[in-house]
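> this is a predicted model, with the sequence first.
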Amino acid sequence: MVEREEAEIRQNHRLIMILGPTATGKTARAVSLCRVLNGEVISADSRQVYRNMDIGTGKDLEEYQEIPYHLIDICDAGEKYNLYRYISDFHKSLEDIEERGKYPVVCGGSGMYLENAISGIKLPEVPQNPQLRDRLADKTLPELTEILRQYKTLHNITDVDTVKRAIRAIEIGEYYASHPEEALTANRKYTTPINSLIIGIDIPRDIRRERISKRLETRLRQGMLEEGRRLLEKGLSYEDLAYYGLEYKFMADHLTGKISYDEMVRQLEIAIHQFAKRQMTWFRGMERRGFKINWLPFDMEDSAFNERVLSLMNAKK
């Protein structure tokens, strides 16, 4: 690609984002595009940030080959990585890639990370509020949900999945209420989104389900359950293992004797299908919130896929 063409592309779009539900081959698409664009991948996966959680999170690091990647294996299992840290790390990676003259290709399926990364928001570091936590300690989850509604409109249930998350969300809401100048940076009404070309991997529901089931079988053969055991042997608690959800939650249930191996596989397969459905719900929500997603078929040849993306990148607005 000649310098002039590359400069035009960068002017049109600061980055490319490849998103889609689980098991749709996003990583391979991102890597293929990086080879064409002299790019590097920024992961947008909420669990691939953890070291030693490889099979269960589907890192598939061999797919990257010579292409550099960012925000994978950046913290230890047992840590509680969050959106605040991701946005900060994302912008550091983005600036690093650009300073070296490479092109950023964001890839992942964590809708919250994907959307907030390019929304232009900056989240202040909100400290713990011990007094507030004490006042909320005896509240039920429904009660906490109603309190949280006083601070924000609940567009999804992420903030009220658990009592702990609900209390943290209220804590953040209280901080923003007393620090309005910092709250503005976290409010999309006052931010400018990053100019991005968003590509969605479109796959029929029945094929998606088939691929999810086959991938689960493969990961179990590759030693996913043994990975869970190793994490426990290294000092991770069963509660911490379950905290990471999906594969790790059901492995924890099996390893503690709560469910049989067959029941673990059955429940996990159902949960992953439900997760993929929630991912698509988030992406459709992104479209309603003004993010244009260009959906391309999952089974396009790499050359045709790349050609189509380049065409979209060069299109005049």
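Perfect, thanks for sending it.
> what's downstream of the helix or strand encompassing R135, the next helix or strand?
Applying DSSP states H and E as the criterion places R135 in helix 130-136. As assigned by DSSP H and E, the chain's next helix or strand after helix 130-136 is helix 141-149.
> and the strands in the stretch 51-200 of the chain, which stretches?
Secondary structure of the stretch 51-200 of the chain, counting by DSSP state E, counting those that start in this stretch: strands at 69-70, 103-108, 196-202.
> now the last one, how far from the centre of its chain.
To tie it back to what came earlier, the one meant is strand 196-202. With CA atoms, centre = their mean, to the nearest Å as the basis, strand 196-202 stands 14 Å off its chain's centre.
> alpha carbons of the next helix or strand after that strand, as CSV, please.
Under the assignment DSSP H and E, the closest C-terminal helix or strand after strand 196-202 is helix 205-222. Only the C-alpha atoms of helix 205-222 are listed here, as CSV (Å, rounded to 0.1, in the frame of the first residue of the first chain):
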residue,chain,number,x,y,z
ARG,A,205,-27.8,-18.6,14.4
ASP,A,206,-27.9,-22.4,13.6
ILE,A,207,-24.3,-22.4,12.3
ARG,A,208,-23.2,-20.3,15.3
ARG,A,209,-24.7,-22.8,17.6
GLU,A,210,-23.0,-25.7,15.8
ARG,A,211,-19.6,-24.0,15.9
ILE,A,212,-20.0,-23.2,19.7
SER,A,213,-20.7,-26.9,20.4
LYS,A,214,-17.8,-28.1,18.4
ARG,A,215,-15.4,-25.6,19.9
LEU,A,216,-16.5,-26.6,23.4
GLU,A,217,-15.7,-30.3,22.6
THR,A,218,-12.3,-29.2,21.2
ARG,A,219,-11.4,-27.2,24.3
LEU,A,220,-12.3,-30.0,26.6
ARG,A,221,-10.0,-32.3,24.6
GLN,A,222,-7.3,-29.7,24.8
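> got the angle for helix 205-222 vs strand 196-202?
Per axes from the mean of the first three to the mean of the last three CA atoms, to 10 degrees, the angle that helix 205-222 makes with strand 196-202 is 90 degrees.
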